[in-house]
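> coords please:
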Amino acid sequence: MAAVQTSSTSKLQALNGLFAIYKKQGPTSADVLNILKSKLLKEAGLAQVNPRKRKKQALKMGHGGTLDCSASGVLVVGIGKGTKMLSSMLSGSKKYTAIGELGKATDTLDASGSVTQEKAFDHITREDFEEKLKKFTGDIMQVPPLYSALKQDGQRLSVMLKRGQKVEAKPARPVTVYGLSLQDFTPPLFTLHIECGGGFYVRSLVDDLGKELASCAHVKELVRTKQGQFTLEEDVLQEESWTIEDITRCLQACAAPSNALPTADTRTEAEPQADTGDHEDVQKES
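From the prediction side, this is the model:
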């Protein structure tokens with residue numbers, strides 16, 4: 001038994017690179033990463049220290065771009081020296097499928113929040129909707145959601161809001177939308193396919209679309225279907241496959257070492273970074 005654990009420990013400590021796991025709705029990206037880390041350490045027979053502490057970790061691991069609690073899909077993980085490759089995941093392109101609901105706005109801009117406004121939507125046609133999408137394609141300016149992992153005075157806006165503290169809206173910033181299409185329009189619901197760059201929030205897009213259509217809207221469901229080279233259909237490991245053997249099999253190894261590569265935020269607590277979809281510390285996206 002000891003020999004088996006020694007072998008597993010050696011294999012785990014030899015892992016350096018990137019792989020993708022499936023994040024389900026509910027837990028934070030940090031929670032999912034901590035579950036993964038705990039499984040691997042247990043399999044290798046290593047003691048689990050506090051996963052929130054950044055020092056003296058038996059296993060170095062991080063994720064490249066957070067998904068909101070209510071979002072699911074591809075979560076890219078860096079292990080060992082692979083954590084230094086995560087910066088490219090944050091700035092690279094991502095794809096999402098979002099189901100939005102017209103006629104209701106929420107404080108979080110998604111279904112997890114409280115309804116703050118209701119407006120009629122029966123005047124909106126599919127043609128109107130598709131015409132408005134053109135305004136949100138290409139290089140655009142976007143205001144991040146208040147409920148995000150962006151920070152004010154060193155604290156995340158989402159945490160401050162939950163505590164009842166006052167926060168200031170962040171200024172609009174440049175983001176890129178490579179592709180945006182309406183896949184289904186069955187009012188009040190609609191489905192969008194989105195390909196975007198880093199720092200983009202799907203929640204802000206849907207909120208802005210609702211306003212442009214003289215109504216309001218929020219994200220009902222959000223799935224990240226692709227991040228970098230990793231796709232939902234072909235590359236993600238489901239929780240039952242979060243093992244050293246399965247990760248070894250699908251791991252994309254590190255490129256030649258380079259001191260020029262910036263080190264990504266490998267905190268297992270990071271909540272978002274923009275994309276979600278929704279991510280902002282390695283940051284929130286949605």
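> which secondary element of the protein has the worst mean pLDDT?
Ranking every helix and strand in the chain by mean pLDDT, DSSP states H and E puts strand 273-275 at the bottom, with a mean of 35.
> shaky segments in the chain?
1-6, 47-57, 147-163, 165, 168-170, 255-286 (pLDDT under 70).
> Which stretches in the stretch 51-200 of the chain count as helices?
Taking DSSP state H, counting those that start in this stretch as the test, the helices found in the stretch 51-200 of the chain are 86-91, 126-133, 157-162.
> what comes up buried for the second one?
So the one you mean is helix 126-133. 129, 132-133 (16 or more other Cβ atoms under 10 Å). From N, CA and C alone the C-beta is placed, and that goes for glycine too.
> so which of those residues would you say is closest to Ala71?
The nearest member of the buried residues of helix 126-133 to Ala71, counting by Cβ to Cβ, is Leu133 at 20.9 Å.
> need the contact list for that closest one.
180-182, 209 (Cβ atoms under 8 Å, 6 or more residues apart in numbering).
> What is the burial count for the residue lying closest to Leu232 once chain neighbours are set aside?
Once flanking residues are discounted, Leu232 sits nearest to Thr225: 4.6 Å by Cβ to Cβ, 6 or more residues apart in numbering. Other residues lying near Thr225 total 18 when counted by other Cβ atoms under 10 Å.
> what residues are up against Thr225?
Per Cβ under 8 Å, 6+ apart, neighbours of Thr225: 73-74, 95-97, 231-233.
> swap the cut-off to 7 Å and go again
Applying Cβ atoms under 7 Å, 6 or more residues apart in numbering, we find Thr225 in contact with 73-74, 95-97, 231-232.
> Same check on Lys11?
Taking Cβ under 7 Å, 6+ apart, one finds 244, 248 in contact with Lys11.
> before we move on, what about Ile99?
Contacts of Ile99 (Cβ under 7 Å, 6+ apart): 189, 191, 220-221.
> Please apply the same query to Lys81.
So Lys81 contacts 16, 254 (Cβ under 7 Å, 6+ apart).
> Setting aside sequence neighbours, what's the nearest residue to Glu221?
Going by Cβ to Cβ, 6+ apart, Glu221 has Ile99 as its nearest residue, at 4.2 Å.
> before we move on, back to that, got the helices of the stretch 51-200 of the chain as TSV, with distance to Ser215 columns?
Shown next, in TSV, are the helices of the stretch 51-200 of the chain (distance: least, Cβ to Cβ, whole Å):
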stretch	distance to Ser215
helix 86-91	33
helix 126-133	10
helix 157-162	25
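> and Glu240, which of the ones you listed is closest to it?
Using Cβ to Cβ, the nearest of those to Glu240 is helix 86-91, at 24.0 Å.
> Need the CA coordinates for that closest one. PDB is fine.
Provided in PDB are the C-alpha atoms of helix 86-91 (Å, rounded to 0.1, in the frame of the first residue of the first chain):
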ATOM      1  CA  LEU A  86      -2.900  30.400 -17.100                       C
ATOM      2  CA  SER A  87      -2.400  34.100 -18.200                       C
ATOM      3  CA  SER A  88      -3.000  33.000 -21.800                       C
ATOM      4  CA  MET A  89      -6.300  31.500 -20.700                       C
ATOM      5  CA  LEU A  90      -7.400  34.800 -19.300                       C
ATOM      6  CA  SER A  91      -6.700  36.900 -22.400                       C
END
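> Of the buried residues of helix 126-133, just say which sits nearest to Val167.
Closest to Val167, out of all of these and judged by Cβ to Cβ, is Lys132, at 28.6 Å.
> wait, doesn't that closest one sit right on Asp208?
No: in this structure, Lys132 is not within contact of Asp208 by Cβ atoms under 7 Å, at 9.2 Å.
> can you pull the contacts of Val115?
Val115 neighbours (Cβ under 7 Å, 6+ apart): 104, 106.
> Show me what it bridges to in the sheet.
Thr106 (DSSP bridges).
> With Ile79 instead?
Here Ile79, judged by DSSP bridges, has bridge partners Gly17, Met61.
> Hmm, it is touching His63, no?
No: using Cβ under 7 Å, Ile79 is not in contact with His63; the gap is 10.3 Å.
> which one of the two has more residues nearby?
His63 (31 against 24).
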